[in-house]
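S.K.: For reference, the sequence and a predicted model appear below.
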Amino acid sequence: MPAEFAADYRTLICDEVRPHVARITLNRPGVMNAYSDRMCEDLLTAIAAFRDDDSLRALLLTGSGERAFCTGGDLSGGDRDGEARPPVAATPMGHGRQMREGMQAVVLALRRLDKPSVAMIRGYAVAGGLALAMGCDFRFAAHSAKLGDTSNKAGLLPDEGGAWLFPRAMGLDRALKMTLLHEIYPAPEAERLGLVTEVVVDDDLEIRTLAFCEALAAKAPLAVRLSKMMMEKAMDVGLEASMADAQMAVMITNPSHDAREGIAAFREKRAPKFEGR
């Protein structure tokens, strides 16, 4: 595993938890993994390292401890990461710049990945923590997990991307209700509302989520990455434009080694061995 991804971060733990599966663990359990400026910087670095390493094919994002995946921005006011809050945040423009270069940049980095990402949620995923989870392609939650948007409760906004992500997952009326009344839902209800991909018995959460990540990592990397790119773009374009993208994509996948291997494996009734080329 390249040193770039496994670097020693102040607020994260990064490792290759299974072959081709990278794991980023938010590591501020004392504040329920609330994000700080330093955590945002660390996340941007780690996500970029994952993106640039072709040996890593799937990303698992989770939080340390049982209490929370992430509870949004750290409102405690303490200097817990060894750095004071940048003075730029003392001005109105500074607040906007801090958000743009912080958690907004993290959520965008996740959404821009052309490899699949999976959030594994224990405990609370609320406010910016929910936006962070929604930045991933899939969300697996423990049955005891709680999800919602508490930003308005503190007079704040769903400004990490939630204003875009939440309505697209659950509909505008339900997203507004969740945010304006700062509602938090049990995992089964969050699944029904569209915030969670799958709810898993607490004791089986890691086993199930890792198995899902391993299944993603075992697929043909070129086809996986291009399929994700096509579907993401197709959400905002018409059918004809989406088909035009597909025409360009098959020029990469159809002549590839993996496509030849996949067809050969199908004919020979064996498991394919994909190499990402």
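M.R.: On my side now, so go ahead. Numbering: from 1, shown residues only.
S.K.: Run through the helices of the stretch 51-200 of the chain in chain order.
M.R.: Along the stretch 51-200 of the chain, the segments classed as helices by DSSP state H, counting those that start in this stretch run 92-101, 103-112, 128-134, 162-170, 172-180, 187-193.
S.K.: out of those, deepest packed?
M.R.: helix 128-134 (a mean of 29; mean count of other Cβ atoms under 10 Å). Glycine gets a C-beta too; all of them are placed from N, C-alpha and C.
S.K.: helices or strands next to that helix in the packing?
M.R.: strand 68-70, helix 103-112, strand 117-121, strand 146-148, helix 162-170 (3 or more Cβ pairs under 8 Å, 6 or more residues apart in numbering; DSSP states H and E).
S.K.: Convert the C-alpha atoms of it to PDB, please.
M.R.: Output in PDB follows, covering the C-alpha atoms of helix 128-134 (Å, rounded to 0.1, in the frame of the first residue of the first chain):
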ATOM      1  CA  GLY A 128     -22.600  17.800   8.400                       C
ATOM      2  CA  GLY A 129     -22.000  14.200   9.400                       C
ATOM      3  CA  LEU A 130     -25.100  13.200   7.400                       C
ATOM      4  CA  ALA A 131     -23.900  15.300   4.400                       C
ATOM      5  CA  LEU A 132     -20.500  13.500   4.600                       C
ATOM      6  CA  ALA A 133     -22.200  10.100   4.600                       C
ATOM      7  CA  MET A 134     -24.400  11.200   1.700                       C
END
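S.K.: How is the protein partitioned into domains?
M.R.: Annotated domains of the chain cover 12-217, 221-268 [automatic domain parsing].
S.K.: Point out the most buried one among the ones you listed.
M.R.: domain 12-217 (a mean of 19).
S.K.: From the opening residue of that domain to its closing one, how far?
M.R.: 22 Å (Cα to Cα, to the nearest Å).
S.K.: Tell me which helix or strand residue 244 sits in.
M.R.: Using DSSP states H and E, residue 244 sits within helix 239-253.
S.K.: Beyond that helix, next helix or strand please.
M.R.: helix 257-268.
S.K.: Now that next one: average pLDDT?
M.R.: Averaged over helix 257-268, pLDDT sits at 84.
S.K.: for stretch 202-214, same thing?
M.R.: Here the average pLDDT along stretch 202-214 is 98.
S.K.: these two touch, right, residue 253 and residue 261?
M.R.: No - between residue 253 and residue 261 there is no contact, the gap being 11.9 Å when judged by Cβ atoms under 8 Å.
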